[in-house]
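Novice: missing the sequence, but the structure's below:
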């Protein structure tokens, strides 16, 4: 079992210095979210292969920007195309049986 990084006394002293608990302090630190993602990541989000994602970018079906040699997909544009699915909706979709045509092709429809 790992030892705690700080003793209870250290944590109490840090809480006193910060004026709040360390957990509250850390949870209030703003986290920068990326505005762009790679084409490969966009493909994973959309549920398509890496190659299909690049082909969709080349055809203009997935919006992209080029910065130097990097090809990036703006998250705002991607979210407009396919809004994020809530966990409950995803679970419901996963619970649905596959149609006979999908089972025969071993694909998910």
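Specialist: In hand now; what should we look at? A quick note: this is a predicted structure, and the numbers were derived from the prediction, not measured.

Novice: hang on, residue 73 in a helix?
Specialist: No. The assignment for residue 73 (DSSP: H, G, I helix; E, B strand; the rest coil) gives strand, which keeps it out of a helix.

Novice: look up how far residue 64 lies from it.
Specialist: According to C-beta to C-beta, to the nearest Å, residue 73 and residue 64 sit 5 Å apart. Yep, even glycine has a C-beta here, placed from its N, CA and C like the rest.

Novice: just residue 72 next, same as before
Specialist: In terms of C-beta to C-beta, residue 72 sits 6 Å off from residue 64.

Novice: what touches both of these two?
Specialist: Residues touching both residue 72 and residue 64 (C-beta atoms under 8 Å, 6 or more residues apart in numbering): residue 39.

Novice: can you pick out the residue with more neighbours from residue 73 and residue 64?
Specialist: residue 73 (25 against 21; other C-beta atoms under 10 Å).

Novice: shaky segments in this protein?
Specialist: Low-confidence segments of the chain, defined by pLDDT under 70, are located at 1-6, 14, 22, 83-109.

Novice: can you show me the strands along it?
Specialist: Using DSSP state E, the strands of the chain run over residues 36-38, 65-67, 70-74.

Novice: buried sites along the first one?
Specialist: This means strand 36-38. By 16 or more other C-beta atoms under 10 Å, the buried positions in strand 36-38 come out as 36-38.

Novice: quick one on the thing from earlier: in a markdown table: the strands of the chain, plus distance to residue 12.
Specialist: Listed next are those as a markdown table, based on distance: least, C-beta to C-beta, whole Å:
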| stretch | distance to residue 12 |
| --- | --- |
| strand 36-38 | 41 |
| strand 65-67 | 47 |
| strand 70-74 | 45 |
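
Novice: break the chain down into its structural domains.
Specialist: The record's domain parsing of the chain by automatic domain parsing lists 1-31, 36-105.

Novice: can you name the residues that contact residue 48?
Specialist: Residue 48 touches residue 56, counting by C-beta under 8 Å, 6+ apart.

Novice: use 34 as the first number for this chain going forward.
Specialist: Sure, I'll start counting at 34 from here, so that last one is residue 81.
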